[in-house]
Structure formats: structure tokens, C-alpha cells
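Enquirer: Pasting the sequence and the predicted model now:
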Amino acid sequence: MKLFVLISFLLFLLPNPRVLSKTLSDGGPERASLPPRGWNSYDSFCWTISEEELLQSAEIISNRLLPHGYEYVVVDYLWYRRKVKGAYPDSLGFDVIDEWGRMIPDPDRWPSSKGGKGFTEVAKKVHSMGLKFGIHVMRGISTQAVNANTPILDTISGGAYQESGRKWTAKDIGIKEKACAWMQHGFMSVDTKLGAGRAFLRSLYEQYAEWGIDFVKHDCVFGDDLDINEISIVSEVLKQLDHPILYSLSPGTSVTPAMAKDVNGLVNMYRITGDDWDSWRDVAAHFDVTRDFSTASMIGAKGLLGKSWPDLDMLPLGWLTDPGSNEGPHRTCNLNPDEQRTQVTLWSMAKSPFMFGGDVRKLDESTYNVITNPTLLEINWFSSNNMEFPYVTGTRARGTDEVHSYQSRRYAIDVRTSDTQGLALTSCSNSEAIGWSTEALDEEFEKICWKEKFKRKNQAMFCVYKGESLLASDERMTYKQKYQGKLQLLSTDRRDFCLGASSNERLTAKEIKRGAFSPCRWETNQMWELNPNGTLVNGYSGLCATMNSVKAKVSSVGTRSWIATGSRGEIYVAFFNLNTRKTVISAKISDLAKALPVQNLNGSSCKGREVWSGKDIGLTNQSITMAVNAHGCALFVLNCD
């Protein structure tokens, strides 16, 4: 009997057999058929994690979280950086590279890597625990490798890459003017038009496969930092490997569904926000972008040899460190219990990957219960028709949880807005990118202006100067050939400041910047090309600029809701209270039919429960109503006849 119960329990934890039966045309299993689930070291260790700490964490994950589907253990960035005095996230000269300019683990922090083993031994130990092992990697090639001018490995011949009668090196392929915007000293793009550039990328990912890596988080190639060429090359290499590797992109500052549609078929996960940390503003910033991606049918769309999933970032819960810190976990999460439940409920309803970020060695019961809630995990993997549900009303609660408080006056949400001019990046195929033109001022200067005026009366047209910057003439001569046809766009207020289109730091979700002026430098993010069709192309990302009249919210308040259907016919409804006061939120049963017409809910009666409180809501054919705490949520599981 005990064996039967154990087998039944394990079968319940496995993915839907219908999902497991799906295969690709090449006979392999579909990758990322469900939103990936696991743990990432960044929120708790930043870059400082060691082999001992990783394996301690993996053992706990295997025992406590693997039974709930958390199978990936991912080491985040700078595992190759020596943890010594003077080293920090954007330092130069502290990395460990091999003879081919490839990053290898710091042997002091990862002693099993000595002798050229890389992560092979760590991966074996993680695999022996029933887990999969992942690493974070940066764009292109390291500045340290370029400065050392290391040769490029040709994995086909096993020696240095040769073409056109010569051996190629790191300086031949590294594009210094295309350094990662938030890690200027660390990494730069490689020229993927060159055979040597493609050979270098191939050598990286073939090495990861040899190490036994199952998951790669590729950073500084998406969002403001888009490098579609590198993503495409890496995706093609991963297709050809015998060892399957899940492919994830990060971060996702300024990402739109239009941009994501250019890459989703090449990857399995992609971030749609900047870094998310444990602040309410970060949590609230995810509601609009998540709605947009569900509306665009991007959840579970086609991906690399399987499916792809919009990623809302790690869950920064439990015991954490600080962004950019040089120390490990040392503080508790700043989100209160209501805010934590709101975050995991939104992640679940949006079917985002669940990548826990807290220190599992100090995993408290409250955090454990939140991230292993069986209803949330069921929704995250097996629900469908996930979307924002707009038919809810909110009224201010009068200090009571009683339902009759809903009869109080309508809660007037105070959302003050102001018109601002917003520079955004978008796909150049988007019609909204067309609208730039040249306007002559005199013989010396020309302007490039966005042709549309903004709605507010007397609001000026957005323009930038097209002309000579204040850089030294010898610098201009040096780069003249390299940037033939490219422009620097100068501020109308300060002629020594140029328009850039990529942030210079790793932004959090609340700090998404659309473009900024900074001192003029010879960097591709400050290089633009005006096309005859009226598009203005950025030299760093290849994206086009567009201007919008943005209604900037002063505060994130109001009520939101999501809806989904379960694999057994149940309906999930989540209420979210973004207000600073308790609010009674209500939805009519008849309105559920507007979002889920195939359910034939007109005239239905529903019964069910609210997950977080455990309350039975009884049988109703009118509405579901609950008083929800400030920044809190309610999650209903309904069965309707």
C-alpha cells in the first residue's frame, strides 16, 4: 500500500503525460515544454558564491525543492572572477581565462576545476542529486581576452582558427565600441560576420556542453542591449549539440512583444523586465508588461527545439544580499507577506519560470510554503487561457473583512499623470519607428526631428542636432571609416552630450529608461543611422527609435485581476490590490464568460475556495468578493456548473 501511495505521489509531480509524449521532428523530447523551475544564486550571493556553497545549496534543493519541480541549479555571473581585494562586478584584470580567451572557473572558489576540468566535476555532483546545472554567461568576449590577444580555437581542427592564410586572435573579433553597457570593463560583442567570431562563440558553447551544462543564462544581449546576431549564432550552435542546453536571455530592459517575437523562436526563456528586487515598486512594475505579453500570445510560444516563456526574473524571497554586492546573503527580504504572495501569484498566473533566488540554507517555513504552494505550482505548469481579467471593481474597505463592506462608496483611485516625451526602442519593422526627418537650420547645423507633435498644447517637437561633436579631430579621423554613414546626435542644450540608447547599469524593473544623453564617446550605443524611410537605427542594438507621449504614473495603485483555466475544468481568478489601503474587490460570475466564452458560463453557479485564506466561498451565481490587504492578493479556485 505504501509503495502504491509513493508511486501515485511521484506520478502527480511529473508533468502531464500528454506533454511528455510530445517530441520534435528529430526524435528528441520537446525542450521547455513547461515553464522552467529552479534556483539561481544571484539574489543571495551576487557573484561571490563558491563551490562549497553551491553544493550545499544543491543538496538542500534536491531534498526540499526538487519534489516540487525545482530542477535547475544556476550559478549566476562572474564565476570566473577571483574573489580578491580590488575585484568587484565591473573590475578589469581579475578574471581567469584559458589559452583561447574563454572564461573558466576561478580555481580558488571552484577547486574541482583545476587541471582544465572546468565545471565538469560540479555538474556531475549536481546531476547525481537528480538536478540540472546551469551557468550565467556574458555577451561576446571578455576585455581581458582582447587585451591579452589570445588565439581563437577552431573546434573542428582542434587548433588555432585560420582563414585567408593567417591565424585569428581576440583583437580581430572584439568590438570595443560595443562593450556591454552595464559592464563596460567586462565584455564586448564579437564580430559575427567573421568566421573567427563565429568560431569563438562555437568554442564557448561546445565547451559548456562538454562540462555537462544543462542551462545557459545569456546576459547583455537582449532588451536595450539586443544583439540578434549573437543570439542567432548561439541558438544555431545549441541546436547542433548532442547535449541539450536550455537557452535563457537576460535582462529585458525596455522589451516589448514586438521585440520578443524576433527572438522567441531562438530561445527557451527571455526576460521581459530589468532586474527585479525585493521592493514593492519592482513587483508592481510587472503588471503592465505581463499583460502585454499574454495579450500578444507569447506565453508558451514556439521556442528553441520546443517552447519559450516570458521571464519575470528570479523570486527575491527569504535570505538575500544586495545588487552589485561583494558579500553573500546577509539580510531578510524587504517584501511583507502580502507582497510576497502577490509576487508569486502573478508569476504563477503569467506562467513565468519559477527561479527562486533566496539562500536555501536558511529557507524559513513561511518562504518555503509560499514557493511550494501546490495550487500555484499547478497553475504555473498546467493552466491555460492565462490573461489579465479587466472586469473587476474595487471599493475601500471600512476596517472589516465582512463582505457587506463592498456596499460602501466606490473607491476613487488617485492616479496622477503627466505628459512626458518618451524615447523608446522598437523593431525597425514596426511602423511606429517611422517618423524621423532632417530639418536644416543653417549651413552649419541640421536637426533630426520626430515628425509628430505631442498631444499637449504647445509641446515642442523632439529634435537633436546632427553635426560635429566636440570630440578631438584625431578621434574623428580614427573612427571615420569604421562609422561611415553613422551619426552622433547631440543635445540641443549641451553640444558635448550625445544621445545614447542603452543604459549604463543593470536597471531594476522600476528604473526602465528609454534613452539618455551622456558625454559623447565613440561607442556604438551613441551611433545612429537615419534611413530614407524615416527610421533612426541605433548602432549598438540595431533597434529603431520611436517617440511616444507617455502618461507617467506618479504612483502604482488600483486593482488588477488575472484569470486562467485548469486542466480539470476549474477556473482560477486572482485579485491584486495595488493600493496602500485594504480594498474590497469583486467580479461578477457573468463577466467570467466574457474572458472565457468557451466555458459557457452564462447562468452558471460557481463554488470554490480562496487559496491564501483557505476560506470556502460557498455557492454563488452572482459574484465573488473579498477584502484584500494593501499590496495583497486573493486567489480563487472555482468549479462552475
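Expert: Structure received. What you see is a predicted model, and the numbers here were worked out from it, not measured in a lab.

Enquirer: which residue sits closest to Ile371 in space, ignoring its chain neighbours?
Expert: Among residues not flanking Ile371 along the chain, Phe356 sits closest, at 5.6 Å (CB to CB, 6 or more residues apart in numbering). Where C-beta positions appear, they are placed from N, C-alpha and C, glycine not excepted.

Enquirer: what's the answer for Ile60, then?
Expert: Of all residues not flanking Ile60 in the chain, Val360 sits nearest, at 4.6 Å (CB to CB, 6+ apart).

Enquirer: The residue nearest to Ile371 contacts Tyr42, doesn't it?
Expert: No - distance between Phe356 and Tyr42: 11.1 Å, which falls outside the contact criterion (CB atoms under 8 Å).

Enquirer: Show me whatever sits in contact with both of those two.
Expert: Shared contacts of Phe356 and Tyr42, defined by CB atoms under 8 Å, 6 or more residues apart in numbering, comprise Met314.

Enquirer: what stretches of the chain score poorly on pLDDT?
Expert: Along the chain, the parts satisfying pLDDT under 70 run over 1-27, 399-421, 441-444, 452-460, 467-482, 502-516, 549-556, 598-599.

Enquirer: quick check: domain ranges of it?
Expert: Here the domain parsing of the chain from the TED database is 37-382, 392-399+556-640, 419-551.

Enquirer: Endpoint to endpoint, the shortest one covers what distance?
Expert: Its first and final residues considered, domain 392-399+556-640 spans 19 Å by CA to CA, to the nearest Å.

Enquirer: Return the distance of that domain from the chain's centre.
Expert: The chain centroid and the centroid of domain 392-399+556-640 are separated by 28 Å under CA atoms, centre = their mean, to the nearest Å.

Enquirer: Ok, stretch 180-197 next?
Expert: Per CA atoms, centre = their mean, the displacement of stretch 180-197 from the mean C-alpha position of its chain is 20 Å.

Enquirer: I'd like the numbering to begin with 42 instead of 1 from here.
Expert: Understood, numbering begins at 42; the last thing we discussed is stretch 221-238.

Enquirer: Report the buried residues of it.
Expert: Within stretch 221-238, the residues scored as buried using 16 or more other CB atoms under 10 Å are 221-225, 227-233, 235-238.

Enquirer: Nearest to the spatial middle of the chain, which residue is it?
Expert: Centroid-nearest residue in the chain: Arg312, 1.7 Å away (criterion: CA atoms, centre = their mean).

Enquirer: residue contacts, the closest residue to it other than its chain neighbours?
Expert: Of all residues not flanking Arg312 in the chain, Gly293 sits nearest, at 3.3 Å (CB to CB, 6+ apart). Under the criterion of CB under 8 Å, 6+ apart, the neighbours of Gly293 are 263-264, 311-315, 352.

Enquirer: before we move on, which element is Thr294 in?
Expert: For Thr294, there is no helix or strand it lies in under DSSP states H and E.

Enquirer: Pretty sure Gly399 is one of the things Ser85 touches, is it not?
Expert: Yes - under the criterion of CB under 8 Å, Ser85 makes contact with Gly399 at 5.6 Å.

Enquirer: anything in contact with each of the two?
Expert: By CB under 8 Å, 6+ apart, Ser85 and Gly399 have these common neighbours: 359-361, 370.

Enquirer: on that earlier part again, how much space between the residue nearest to Ile101 and Ser169?
Expert: Distance, Val401 to Ser169, by CB to CB, to the nearest Å: 18 Å.

Enquirer: Same check on Pro364?
Expert: Shown here: Pro364 relative to Ser169, a distance of 33 Å by CB to CB.

Enquirer: higher neighbour count, those two?
Expert: It is Pro364, of Pro364 and Ser169, that has more neighbours when counted by other CB atoms under 10 Å, with 15 against 10.

Enquirer: Am I right that the more buried one is in a helix?
Expert: No - using DSSP: H, G, I helix; E, B strand; the rest coil, the secondary structure at Pro364 is coil, not a helix.

Enquirer: I figured Thr479 was touching Cys504, is that so?
Expert: No - Thr479 lies out of contact with Cys504 (CB under 8 Å); the separation is 10.2 Å.

Enquirer: quick one: Arg601 and Leu619 touch, right?
Expert: Yes - with contact defined as CB under 8 Å, Arg601 reaches Leu619; the gap is 6.4 Å.

Enquirer: Between these two, which contacts overlap?
Expert: Common contacts of Arg601 and Leu619 (CB under 8 Å, 6+ apart): Phe328.

Enquirer: Just give the number of residues close to the residue nearest to Ile101.
Expert: Residues near Val401, counting by other CB under 10 Å, number 24.

Enquirer: so who does it touch?
Expert: Residues counted as contacts of Val401 (CB under 8 Å, 6+ apart) are 80, 98, 101-102, 105-106, 359.

Enquirer: Kindly report the same for Ser273.
Expert: Contact partners of Ser273, counting by CB under 8 Å, 6+ apart, are 233, 307.
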